[in-house]
Structures are given as C-alpha cells and as structure tokens.
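Engineer: this one's sequence-less:
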Ligand code: ARG
Ligand code: ZN
C-alpha cells in the first residue's frame, strides 16, 4: 500500500536531544543512541529500523524485556511512555556488506553515510521522518591508523587517543535542530584542501574538502565554486552561513550526485574532482552548479526543511532554481537558460509525457527514492521561476525574506511557502498552487487574426491552454501561465516585450496595426514550462532566428525548425523514402551560417545553435516513432548542416584552436564547445579529412574536453582506427577512475559492429565494477539512453541485455536499479513491435520478484 499525503499525521513525540556513540569497525559497528523524548500527542513512540540488529533497549535506565516493546522488520514500537523519558538503544550493523549505499557503508576503505531519504533507519532505530527535528551530539571512535579523520555534522568539541594510541575518538555537536536525513559521519584517511570564507558579518569560516590521497589539487575548482556560492547567497538572497566550519567529502561509491548534510556535504567524486587533463568543461560546469546547489540547501532544505516527503520540491525545486540563477550570474544568462530548458525538455517533458508522469507535489508513493525526479527538481525550479516572473524581482525577494524569517527552524509545506509570498506582496497565489498538484505539461496555443479594421485596425492574439488527457488525473483546472512575448518584424522588434498572464482557459490581447508583416516571439526566455503550439511557418522561424532580440528565442526558433525537419525526415525513413532537400532545410542551414558569422553571439551560444534537438526530444513530442529512424533523421540533419556549412566549419575549427594555458572559464569553454561542435558536424559528412583532424586532436589535446571530443568523433567515423584509439585511451588513463568512467560511457554509446556481445564483453571487462554506481551508469546508463541503434535493436537483444543488468543491479542496489529501469518509460512512444518487446521485458522484471523500488517503477511503467 502506498504512503499518502492525505494520511499525514504529526509525530506523537518530540526528540529534544539525541546522542549517538559509534564504535566503527567495517564488519561490525556498534551504535549506542540516547534519545530524550517528550510527548506531543497520545499514542506509541514509533521508531524506524531496517537491516540492523537490536542489542538492547532501555527506558530511564532500566533495560526493557522483549515483551516490553514490539519489534517488526521495520519498526520498534514503545507504548505507554511517560511525558518525558530517556530511551537508550544499542544496535549493530555491517557497513562493509552494505551494498545499498544507504545508511552507513564503506567506500574505498572509508566510512561514510547517506541518509536522505530513509537511510538513517539503517543506522539506528529512530523516528526517521523529516518533521522530527533534534539537536545531535555524535561521538565516533575508530582505529587511528586506518581512520585518522573522524567527521560528523557541526563543530568538533573534543577529540583524543584511546587504547594507548591504537584507536581514537572525536565528539561533534550540531547546535541546529535537524531531521535524521541530514545526519552524516565520515571516517578515514584523506588528503585535504583548506581555505576560508569571511561572511557578511565578518565571521571567518574555515572550509575543508576531503579527498582521496593525491587528489587535493583536483578539488581547487570545487573550493573556488564554494566561496563564490557563499558570497552569492549573501548578495542575492541575504543568506549567511551559520556553523563555525564547512566541510565537503568526496566518495567514489555514491547513489547519486551529492548530499547537503548539515555542515558536512558528501559528494560523488565525479561531481567534485576536476583538472584540465581529466575533466571536461561540462564536468567543471556541473561541479560549480552542484557545489552551489548543496551549499544553498543550507537555507533551503536544512534551516527550513520539509514536513514530509511529499514536500520534496519545497527544498529541491527552490534549490535548483537558486543554483540555476547562480550559474547564470557566474556564466552567461542566455546560454544557461538554453541549457536548462534543453535538460528540462529532454528529461522532464519526457517524464511527463510517459507512464511515470506525476505532479511536482505528488500525493502518493511506494518508495520515496523513486521520486527524486526531473519533475520534482527541474519542473519544481520552473515553478519558482514563474513565481519570480509574475511577482518581479523586488517582490520575489520580499517573499523569500518573509519565508526565511517565518519558517526558519521548521519543517514546512508548499502551502506555507506560497503563503509567505502572499503575506509579502498581498497577492493571491491560490491558483498558482495548481501547478504543484496537476501532472502533465500544459499546451499553450496561439492564434493570430490580423487585422480587423473596425474601428481601428487591430491584430487579435488569442492564447489558449490545454492539458492533454493522457497525463493521468482527469478534470484539470487552468493554471496561471506567464507569457512573455514580442512582435518581431524583418528588421527587428516592432513592440516592446509584453507579459500576459493567462489565468483562464483562453485570453485574447490585441495589437494595433503595425503596418508591416511580423512574427510573434512567444515564451521569451521560456517564461513557462509548456508545449507551444502555433501556426507559425518556417518563414516565421527564420525571421525569429535572424531578428529576435531574445537569445533564447533565437535558439528556440532554430530548434523548432530542426524538430520539424527531423520529424518529417524520420517518417520518410520509416516508410522507406529517400531524403529530400527542401526550402526549409536550405533556409535553416543558411540561417545557422548567419548565426555563426554574427559577432553579437558568443561561442557557447553558437555551439548550442548548431546542435539540433536530441532524438529523445523528437520521440517524446510525437505520437509514436521508430527510434532508429529518428536517430538516422538526426544524423541526416547534421550531415546537411555539415555539407552546407562545410567551409565555414572547417575555417572556424582552425581559427578556434587551443590558446595554450587551460582555463575552465565560460569563455574558453565556449570556444572549445564550438570548435568540437564544428568537428562533429564535419564528421557527419564522413569526410576523410576529418578523421585526420580528429586523430591529430586526440594525440595533441592538452585537456579532456578536446581529447574526449576527438575520441567520440572517431567512434562516429568508425573503422579500424577506433579500436586502437579506444585501447590507447584506456591504457593512458587506467589509473584514473573518473576518466575510465568516460571510457565506459563512450563504449556504451558506440554502435559496435559485433552487436550486443561487445557490450556484454564490457560487463566482463576487468575494470568494470557492478558495485560502483558511477561505473554502472557509465556503461549501462549510456547504453540505454544514448545508443538508440543498439538499445532499440529490433531483435530485442538490447532490451534483453539491459533487463538482465537491471535485475543484477537490483540484487545489490535497488535504488540505482530502479533509476536505470526508467529507460523503459519511453515505450508508449515507440512503434508497435518495440512496444511489445518492452512490455514483455517489464513483465519479466515484475515476475522476477524485484525490490519494492524496481517493482514500483516496473508496475507504473507497464501501467496494467
Ligand atoms: N538532496 C540531495 C540533493 O538534491 C539528493 C538526495 C537524493 N536522494 C535520493 N534518495 N535519491 O542534493
Ligand atoms: Zn538538492
């Protein structure tokens, strides 16, 4: 039975204080916990626990007999407790055998924890729910030689030697009340990178990053990002850091990106370590944004947390919005917006168009782990962005000030969040709440009737919204849609930018006769997460590509044209027709050529403009399609661009060559992105000259962005050279796990000549490790998400292999397995043959008695 929002009840007990004592041993760790509990409501004290061994329970100093409490697989229940009492619990767990990577586990010989969402119950019996906040005191003891660093949340108050120096201990106190999911401890041997930050009130905060021995210099970019984040949060949101120190730890085995534990963030090493030789520009960019994201959680997540897990978007949506804004300020705002919208369309729109569609605030779940989704994170962030668009910068800041003021130290709800903005601005945001409750992507259609000349000549613009019935919930109400728009003529804008708030199903606005032909630029900066339907023709798109002052819309006009071209071409390929060259295609390629020459655009923008939409975007936006035809159509369009702009691309490739010293800044990264984009488009022509360029680039590259781009270009060109290059790359980097992950992901995306056996062989490769999520995602994730030719092979071999890998993963790590299985969410958008194949696979998964995590995804995806 699912957990339901409607069933929420507040806890019966408050935990005034908790004291934890860890005796750390890899195979057997003993945890003694002392809880000071006070009654809030009648009823028992319910403590959660999973996969741990209970040794003893005592109440106010008296050991309880087995008949004094009830114990199930998942709960320890104490009845008839007094108003206030001291509960002492001793448990034992085995961190070295913990392959779920939730709770306390060992990674690379070090102890670490992951408690969000429900991992703390794998450490000790506790009310593992976000609305129970407590102050934690933590004592750690461990062997000194293997675990010289002993870390936990807050401030270290004491440390010393034990057993004549063999073991040692440390005591940490976190003065800020927090729910258990924000607890963390780390113990082990590390290299450290140290720095400090002076806050707006002049407090000096030591900052420390803990990494594998030898990696300290690779943490410099993360440290720099951290300091910039701390400053930005003071300047933009008025938020100052609160504890006396801030720590980040990098670990190799981690279920997702990173975690905002109070004062002790824990990161997947792939999102923390970077240098020119081993990390791509995309890695640098991600590190900057994730370091910021986790740091920003200190206010949006930790100081104000969530009442229950249905409110997850309260902290995640807001924090993603904050990290997106940070990146926009650090880099290029228009480019950042384009990248965020691209990611939204690829992941969130796909989710909303498929069987796993759910509201930003869901009303029920089986496993909360399955709800760390693009909808909650990325659509959640879009909702905050719309709120800001509607309120304006000043009122938005007023609202967030009220939110931080009123709800600090509490576990809050989405309603309380919106209420803060209502109090600050006097606006009524009740309709806005629908965005949180209704699943699916609304469609926005625009009709233009021009001009009606009575009494003056007017153009009527009608905006209409519609939810497609496919997305679950019947009976959807209109949402409020902020629409930024502008009329654009042949030589530029002919109106100012307008903001129309569409509140009901339909709304019309009118424009006086402009005396010239124009196209509407609608949803500038993508002012709402909707699917836009217009009657615009390629003439409109080309006009916007050339004249729209809004850079996002210029990019978008090109994408729209490209989507149409690829869609039409895919249908032609499916029905066995030859590729056609038409006027729209020529116009599109020429417009791209003009963009390339335009000095008003930076290289990052140009690289994005030259990248047609990914196959998943096309598939998600059509009824059904053959995924291989779509991907061939995409290749066809790239080839057309390559053919048309051949000379420009080649010249640009040479003109943009390496400037020498590496810098990860946005400008240099943009130059590399554009240059490698040129290389890739030239490669689409199967041009032999390009093979030479790629081989040379592979041999001479001084940074991983260029090296990896050259390697990928070679795999695209195919031929004998590929195997040698792959082997050489492996040999060169075999001692760097993060680079070997990249190697596995290139292998996963390649169209191997020998078919699925090639991927099977990689699973048996000596460097493949099925227990390491990064490695599994590199190979199996990239295979399922970015290798349409092999994954969607019409004989079903790709699906069969993939299913087997998911089930194998499920036996160790249900969370990661369930996430991988999400690759099947696309099935309804595929042709009948593949639909049948995937449905059979999903039934097989269900029949294999998988974990609750995988079962929920499989059942929902199949939808039977
Ligand atoms: N709160 C973390 C973050 O967004 C992610 C935690 C993910 N947890 C999970 N069970 N998937 O920064
Ligand atoms: Zn987060």
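Structural biologist: Cool, the structure landed. For clarity, every value in this text was computed on a predicted model and none was experimentally measured. Ligands and ions are numbered 1, 2, ... in the order given.
Engineer: for residue 564, give its distance to residue 540.
Structural biologist: Distance of residue 564 to residue 540, computed by CB to CB, to the nearest Å: 12 Å. From N, CA and C alone the C-beta is placed, and that goes for glycine too.
Engineer: next: residue 817.
Structural biologist: 46 Å.
Engineer: ok, these two, which is more surrounded?
Structural biologist: residue 817 (25 against 20; other CB atoms under 10 Å).
Engineer: just checking, what packs against the strand or helix carrying the more buried one?
Structural biologist: Using DSSP states H and E, residue 817 sits in helix 814-821. Contacts defined by 3 or more CB pairs under 8 Å, 6 or more residues apart in numbering; DSSP states H and E place helix 814-821 against helix 773-776, helix 797-810, helix 852-862.
Engineer: let's have the ones you listed in JSON lines, adding mean neighbour count.
Structural biologist: Formatted as JSON lines, those follow (neighbours: other CB atoms under 10 Å):
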{"stretch": "helix 773-776", "mean neighbour count": "24"}
{"stretch": "helix 797-810", "mean neighbour count": "21"}
{"stretch": "helix 852-862", "mean neighbour count": "21"}
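Engineer: ok now do residue 355, which residues does it touch?
Structural biologist: 825, 827, 828, 860, 861, 862, 863 (CB atoms under 8 Å, 6 or more residues apart in numbering).
Engineer: make a markdown table out of these and add distance to ligand 1.
Structural biologist: Below are the contacts of residue 355 laid out as a markdown table (distance: CB to the nearest ligand atom, whole Å):
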| residue | distance to ligand 1 |
| --- | --- |
| 825 | 17 |
| 827 | 23 |
| 828 | 25 |
| 860 | 17 |
| 861 | 18 |
| 862 | 23 |
| 863 | 23 |
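Engineer: tell me the one among the residues you listed nearest to ligand 2.
Structural biologist: residue 825 (22.0 Å; CB to the ion).
Engineer: helix, strand, or coil at that closest one?
Structural biologist: Assigned state for residue 825: helix (three-state reduction, DSSP: H, G, I helix; E, B strand; the rest coil).
Engineer: what's the neighbour count on the nearest residue to it once chain neighbours are set aside?
Structural biologist: Using CB to CB, 6 or more residues apart in numbering and skipping residues adjacent in sequence, the residue nearest residue 825 is residue 354, 4.1 Å away. Counted by other CB under 10 Å, the residues lying close to residue 354 total 21.
Engineer: equivalent analysis for the one 5 residues further on, please.
Structural biologist: The local packing count at residue 359 equals 22, with neighbours defined by other CB under 10 Å.
Engineer: which SS class is it?
Structural biologist: Following three-state DSSP, we place residue 359 in the coil state.
Engineer: that one and residue 441 touch, don't they?
Structural biologist: No - counting by CB atoms under 8 Å, residue 359 stays clear of residue 441, with 11.8 Å between them.
Engineer: distance between the ends of stretch 162-171?
Structural biologist: 13 Å (CA to CA, to the nearest Å).
Engineer: residues touching it, excluding its own?
Structural biologist: 137-144, 150-152, 156-161.
Engineer: buried ones in it, by neighbour count?
Structural biologist: Buried residues in stretch 162-171, counted by 16 or more other CB atoms under 10 Å: 167, 168, 169, 170, 171.
Engineer: output these in TSV; the columns should cover secondary structure.
Structural biologist: Output for the buried residues of stretch 162-171, formatted as TSV (three-state DSSP):
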residue	secondary structure
167	strand
168	strand
169	strand
170	strand
171	strand
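Engineer: okay, those residues in JSON lines with pLDDT and distance to ligand 1 next?
Structural biologist: Output for the buried residues of stretch 162-171, formatted as JSON lines (pLDDT from 0 to 100; distance: CB to the nearest ligand atom, whole Å):
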{"residue": "167", "pLDDT": "98", "distance to ligand 1": "32"}
{"residue": "168", "pLDDT": "98", "distance to ligand 1": "31"}
{"residue": "169", "pLDDT": "98", "distance to ligand 1": "29"}
{"residue": "170", "pLDDT": "98", "distance to ligand 1": "25"}
{"residue": "171", "pLDDT": "98", "distance to ligand 1": "26"}
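Engineer: redo those as a markdown table? Include distance to ligand 2.
Structural biologist: Formatted as a markdown table, these follow (distance: CB to the ion, whole Å):
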| residue | distance to ligand 2 |
| --- | --- |
| 167 | 35 |
| 168 | 33 |
| 169 | 32 |
| 170 | 28 |
| 171 | 29 |
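Engineer: export those residues to JSON lines and tack on distance to residue 502?
Structural biologist: Converted to JSON lines, the buried residues of stretch 162-171 look like this (distance: CB to CB, whole Å):
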{"residue": "167", "distance to residue 502": "66"}
{"residue": "168", "distance to residue 502": "63"}
{"residue": "169", "distance to residue 502": "62"}
{"residue": "170", "distance to residue 502": "57"}
{"residue": "171", "distance to residue 502": "57"}
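Engineer: could you turn the buried ones of the contacts of stretch 162-171 into a PyMOL selection?
Structural biologist: Those of those that count as buried under 16+ other CB under 10 Å are selected in PyMOL with:
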select buried, resi 137+138+139+140+141+142+143+144+150+151+152
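Engineer: tell me which of the contacts of stretch 162-171 fall in strands.
Structural biologist: Members of these lying in strands (criterion: DSSP state E): 137-143, 150-152, 156-161.
Engineer: quick check, nearest of those residues to residue 802?
Structural biologist: Closest to residue 802 out of the ones in strands among the contacts of stretch 162-171 is residue 151 (38.3 Å), distances taken as CB to CB.
Engineer: show the average pLDDT along stretch 833-841.
Structural biologist: The pLDDT scores in stretch 833-841 average 98.
Engineer: and it, how far from the chain's centre?
Structural biologist: Distance, stretch centre to chain centre, for stretch 833-841: 28 Å (CA atoms, centre = their mean, to the nearest Å).
Engineer: check which residues of it are buried.
Structural biologist: Judged by neighbour count using 16+ other CB under 10 Å, the buried positions of stretch 833-841 are 834, 837, 838, 839, 841.
Engineer: buried sites along the helix or strand hosting residue 727?
Structural biologist: Element membership for residue 727, per DSSP H and E: helix 721-733. Within helix 721-733, the residues that qualify as buried by neighbour count (16+ other CB under 10 Å) are 722, 725, 726, 729, 730, 733.
Engineer: who are the packing partners of it?
Structural biologist: Helix 721-733 packs on helix 688-700, helix 704-717, helix 737-749, going by 3+ CB pairs under 8 Å, 6+ apart.
Engineer: so which of these is nearest ligand 2?
Structural biologist: Nearest of those to ligand 2, taken as CB to the ion: helix 737-749 at 21.7 Å.
Engineer: please work out which residues outside the closest one touch it.
Structural biologist: Residues from elsewhere that reach helix 737-749, judged by CB under 8 Å, 6+ apart: 252, 269-270, 273, 278-280, 704, 708, 711-712, 715, 726, 729-730, 733-734, 758-759, 762, 767-768, 774-775, 778-783, 786-787.
Engineer: ok, of those residues, which come out buried?
Structural biologist: Neighbour counting with 16+ other CB under 10 Å marks 252, 269-270, 273, 278-280, 704, 708, 711-712, 715, 726, 729-730, 733, 759, 762, 768, 774-775, 778-783, 786-787 as buried within the contacts of helix 737-749.
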